[in-house]
Every structure is written in structure tokens, then in C-alpha cells.
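> how would this look folded up:
(2 chains)
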Amino acid sequence: MEEVWKEINLASLHDNSSSREGLNPDNPHFILQDFLARPFSKDPPANRVSANGDTTFLVSPPPPPPATLLSLNSGPGFDFLDNSCPLRSKPRLQMQNNPISDLPNMNCPFEALASPSGLACFDKKRFQDPDNNSGDRRHKRMIKNRESAARSRARKQAYTNELELEVAHLMEENARLKRQQEQQLRVAAATPLSGKRTLQRTSTAPF
Amino acid sequence: MPRDRDPLVVGRVIGDVLDPFTRSISLRVTYATRDVNNGVELKPSQVVNQPRVDIGGDDLRTFYTLVMVDPDAPSPSDPNLREYLHWLVTDIPATTGASFGQEVVCYESPRPTVGIHRFVFVLFRQLGRQTVYAPGWRQNFNTRDFAELYNLGLPVAAVYFNCQRESGSGGRRT
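Sure, this is the predicted structure:
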């Protein structure tokens, strides 16, 4: 993962004049606007590495701050969020704007990510790369579906297990009650029958 | 039953809401005539009113707390309101039922809108009679933290059911 990261940094350094501290992604103050301010056309190779297929490099926490900057193209960014919180899958736009709440330990780059600029970058990315966006949407959908399927399987299995437990429990109870009943019948059969013909003593006279 | 076959584990109730525990007190939850067994599916119309809750134990001087939460609010795929508190009853004497306790948070009928939700009943043993303060709001309740705050320890019983919106078509196709 670190190698990928270095690759990207080197590539972007080649593209930009590294003399200006502001454009160096390693600078922790490299904010979103700076990132967007970079020459449009020079974006391709470096970011594609991170944005495209390699969705795994953000998995190991904690990611370096620039990694989340590059996650503007929602692929890796989404996966980061997804991996940190497997049950969640936020819609794209929300994801762009909410990293603050999700990742409170991120430093200043994301404080600059106010709503308008988040939207702006959303649009810019779309303009730049429509194929990747629908691919990401599909990817996201697939993950959501997988989770839903897993929940469904878990639900089914849990209910089945519960039923098996119930059956075992009820069979046991049934056996116990039958034994009990049998016992009682035996006891009843052993004692002499008290029928209607048995004479009984009663007191009818007051004295 | 080995731990990993326990319906509470398989259904992720232990994990999402509770830590592993050993059942020691019987807990029987009944909606009208339907007993709640783990993982049964009930409709919102069947759970509109609070259920009958009978607990076990043997000493009337031991008190229990009952918590009912929805860990899948508002939707199981995005449970950002986990857990939603539906009911909170304290000071329930052993061998009796929820109607003998103190209702700290009144029963709110489950009304899931998206997805199939789990609704979990958890029973804790109290150290003694205690004052429990209702949280400010029902959402984002945390059963673990609540238990820690009031020194309730691990649960003594738990059961859950599934519920989706009345006209929902998810789940089993029978």
C-alpha cells in the first residue's frame, strides 16, 4: 500500500512544480481547493491509479490524509468508509460532504471540504470520468446487495437454529410429561378403587 | 448448543447490541397469542400494543430491567439511528411481569419503513431497586453503555423478532 502511495506522490510531483509548497500533496495543508486547482489535464495517470481499480489501499487504518483527498472520486473513498463501517453505505453526495462526521481524526484538509466545494468536485469528477462513476455506482450497489444477502442468510439460519432448539426442548418436555403421566396412572391403578359401591360413613344425626 | 449456533449470535444480536452472555432467567414475551421466539417474523399490526412479558427467577426481592431496542433503525443497510429505544421498564420483581415494574420509557409500536428490522428484548438483573433516568431521546441509544451506567452487568436473558412494514414483501416466500 505504501508503494502505491509513493507512486502517486511521485507522479503528481512530476506534474507540478514541487517548489511551491502549496501544491505538494505531502503538505498536510494541501487542501481540496489546491487539489482541484491543479492543471486539469495533468490529472490522469496518478489519480487513476488510486481512483480506478485499486480499492484496497485505503483499507489499513489510519490512512494518510492525502489518501482521503484523492478519494474524491468516490471509489476508494467510499471503500474506506465502507470498510470502516461495513453496515453503512452512504449515497455518493452524502459521502463527499460527511467525511468530517465519519472520520473525526482527519486533519484540516477536510475542514475545507465545505458543501459547495464538495458538490463542485463531485461535478468536476463526473465531467472528467463518467465511466468510472457508473462503475462505482455498480460497485456500491453490489456491495449493498452482498450485505443484504448476508443479512438474509443470517436471518434464515438464526430462525432455523431457533426452531431446532424449540423442537428439542418441546420433545424433551413431551417425554417428561408422558413419563409423569404414566407414573401417575400406575399409582392410581395400584390404589384400591373407590367406586360407588363402597360404603361410607356419614354423620346424619346431630348427636 | 455451541455458541456459534446460538440464534442470538447468528442473527448478530450478540455483536450489534449485546456482548456474549449466559442465559440464567427465563424471559417470555407474548404478543396476544404469539410467543416471541428468536427470529420469528411479526407484522407491525401484531405488535402495536405492548406485549405480555413474564420473567423467571425465584426471589421477589430481586429486580430486573427490561430494554427493547431496534438496532436496524432506520434501515438495516444504514442503521445510523442504532439503537432506537422502544421500551424501558425497571424494577420488575422476579417471577412477575413487566406490568409490575416502572415504565421509564413507554412502549412505542414498531413501525419499520425500510428493510427488515430486528427488535430485541434484553433483561438485566439490577443490584437493587434503582432510579433510572430516561434518555433525552430514543434514537442512538446504546444498551451496552446503559448497562454499564447503571451497573447492570451482562444480560440474563434476551430474545428478538423480525419486523418489516405491513405491506413488505421481503424475507421468506412461503
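> shaky segments in the chain?
Looking at chain A here, since you left the chain open. Low-confidence regions of chain A, defined by pLDDT under 70, span residues A:1-131, A:193-198.
> sorry, should have said chain B
Short version for chain B, where the test is pLDDT under 70: B:1-3, B:172-174.
> Show me what from it comes close to chain A.
B:1, B:5-8, B:10-12, B:37-40, B:76-80, B:116, B:162, B:171-172 (Cβ under 8 Å from any Cβ of the partner chain). Placement of C-beta: from N, CA and C, glycine included.
> Selection in ChimeraX covering whichever of these are buried, please.
Per 16 or more other Cβ atoms under 10 Å in any protein chain shown, the buried members of the residues of chain B next to chain A correspond to this ChimeraX selection:
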select /B:6,7,8,10,11,12,37,38,39,40,76,77,78,79,116,162
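> Of the residues of chain B next to chain A, which belong to helices?
Among the residues of chain B next to chain A, DSSP state H puts B:7-8, B:10 in helices.
> what are the bridge partners for B:D78, then?
For B:D78, the beta-bridge partners are B:S75 (DSSP bridges).
> I'd like to know how far it sits from A:K144.
Going from B:D78 to A:K144 by Cβ to Cβ, to the nearest Å gives 9 Å.
> residue contacts, the closest residue to B:P44 other than its chain neighbours?
Nearest residue to B:P44, sequence neighbours excluded (Cβ to Cβ, 6 or more residues apart in numbering or on different chains): B:E166, at 5.2 Å. Neighbouring residues of B:E166 by Cβ atoms under 8 Å, 6 or more residues apart in numbering or on different chains: B:43-45.
> Show me what the helix or strand containing A:K144 is packed up against.
Using DSSP states H and E, the element containing A:K144 is helix A:130-190. Packed against helix A:130-190 by the contact rule (3 or more Cβ pairs under 8 Å, 6 or more residues apart in numbering or on different chains; DSSP states H and E) you find helix A:74-84, helix A:92-97, helix B:7-10.
> all helices for chain B, in order.
B:7-10, B:13-16, B:143-149.
> is it possible to export those helices to a markdown table including distance to A:K140?
A markdown table is the format used below for the helices of chain B (distance: least, Cβ to Cβ, whole Å):
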| stretch | distance to A:K140 |
| --- | --- |
| helix B:7-10 | 27 |
| helix B:13-16 | 22 |
| helix B:143-149 | 30 |
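> At the geometric centre of chain B, which residue sits there?
Geometric centre of chain B, nearest residue: B:F121, 1.6 Å, by Cα atoms, centre = their mean.
> That residue pairs with what?
Counting by DSSP bridges, the residues bridging with B:F121 are B:M68, B:V159.
> who touches it in this structure?
Counted by Cβ under 8 Å, 6+ apart, B:F121 has contacts B:27, B:29, B:36, B:53, B:66-68, B:158-160.
> Check which residues of stretch B:141-149 are buried.
B:141, B:143, B:146-147.
> Kindly apply the preceding question to stretch B:149-164 instead.
So, applying 16+ other Cβ under 10 Å, buried residues of stretch B:149-164: B:150, B:152, B:155-164.
> Do me a favour and get the end-to-end distance for it?
32 Å (Cα to Cα, to the nearest Å).
> Centre of the chain to it, how far?
Averaging C-alpha positions (Cα atoms, centre = their mean, to the nearest Å) puts stretch B:149-164 5 Å from its chain's average.
> One more: stretch B:146-162?
With Cα atoms, centre = their mean, you get 8 Å for stretch B:146-162.
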